[in-house]
Structure formats: C-alpha cells, structure tokens
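Chemist: with the sequence up front, the predicted model follows.
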Amino acid sequence: MSAFVYPNDLACHRFGITASRKATGHAVERNRAKRLLREMFRQSAAELGALGLQYDWVFNARRTLLSVKVAAPLKEFQKIIASVARDERDALFKGGK
C-alpha cells in the first residue's frame, strides 16, 4: 500500500481509501482490501490519539495487500504513524507549528 498524510484543521483524523480495479482486481478483492485497511485504521486509534495534530490519511490499496492478514498492514501503518510523530517532534523543536 502507499500512504499520503496531510494535516487538517479538524477535531478528528479522516481516512480515505482508493482501491482501483487495475490495482486490486475484482470487486470482491477491492472490498477485502478496503476492509483490511479500515480495520487497520480502527485498531490504530490509540496511536492516532497520541499525535499532536489531526491528519487526513489516504491509502492506495495494492494487490499484495490481498495475500496478508490484518497484522502486516497494521504493523506498516504503525511505522507510518511513528514517522509522523517524529516529524511532529522535529517541527516542534525547530520552532514550527
């Protein structure tokens, strides 16, 4: 999967998914990929709550996502969250927002 993260000025995180026919195949496969990504986001609520800002998260599903359980994308998403948290800390220490 690929992820795009943008800060927003809302009181909550927003989550978007793209799962094209070309990238994931038939509707059943696209729906499974979207379910996996939604579950990954749901299980990461604690980590997302620890972030200082709110973000828009957009994920592009890939065919390889269909061959894994929810644990693999969850681990990858938690790495992305940790990276965003690091960026927040760095910006705070440099005098940014």
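Modeler: Received it, and whenever you're ready, just let me know what you need. Residues are numbered from 1 along each chain as shown.
Chemist: all helices of the chain, in order?
Modeler: For the chain, applying DSSP state H gives helices covering 21-24, 27-43, 45-49, 71-93.
Chemist: list the buried ones in the helix or strand of the chain with the lowest mean pLDDT?
Modeler: The weakest-scoring helix or strand in the chain, judged by mean pLDDT, DSSP states H and E, is helix 21-24 (a mean of 86). By neighbour count with 16 or more other Cβ atoms under 10 Å, helix 21-24 contains the buried residues 23-24. In short, each C-beta sits where N, CA and C put it, glycine included.
Chemist: which residues does that helix contact?
Modeler: 30, 33, 60-63, 65-66 (Cβ atoms under 8 Å, 6 or more residues apart in numbering).
Chemist: rerun that using 6 Å as the cut-off
Modeler: Helix 21-24 has contacts (Cβ atoms under 6 Å, 6 or more residues apart in numbering) with 30, 33, 61-63.
Chemist: follow-up on the earlier one: export the helices of the chain as a markdown table, with columns for distance to residue 14.
Modeler: Compiled in a markdown table, the helices of the chain are given as follows (distance: least, Cβ to Cβ, whole Å):
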| stretch | distance to residue 14 |
| --- | --- |
| helix 21-24 | 21 |
| helix 27-43 | 10 |
| helix 45-49 | 11 |
| helix 71-93 | 14 |
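Chemist: to residue 15, which of those helices lies closest?
Modeler: helix 27-43 (4.9 Å; Cβ to Cβ).
Chemist: by contact count, what packs against that closest one?
Modeler: Here helix 27-43 touches strand 14-18, helix 71-93, going by 3 or more Cβ pairs under 6 Å, 6 or more residues apart in numbering; DSSP states H and E.
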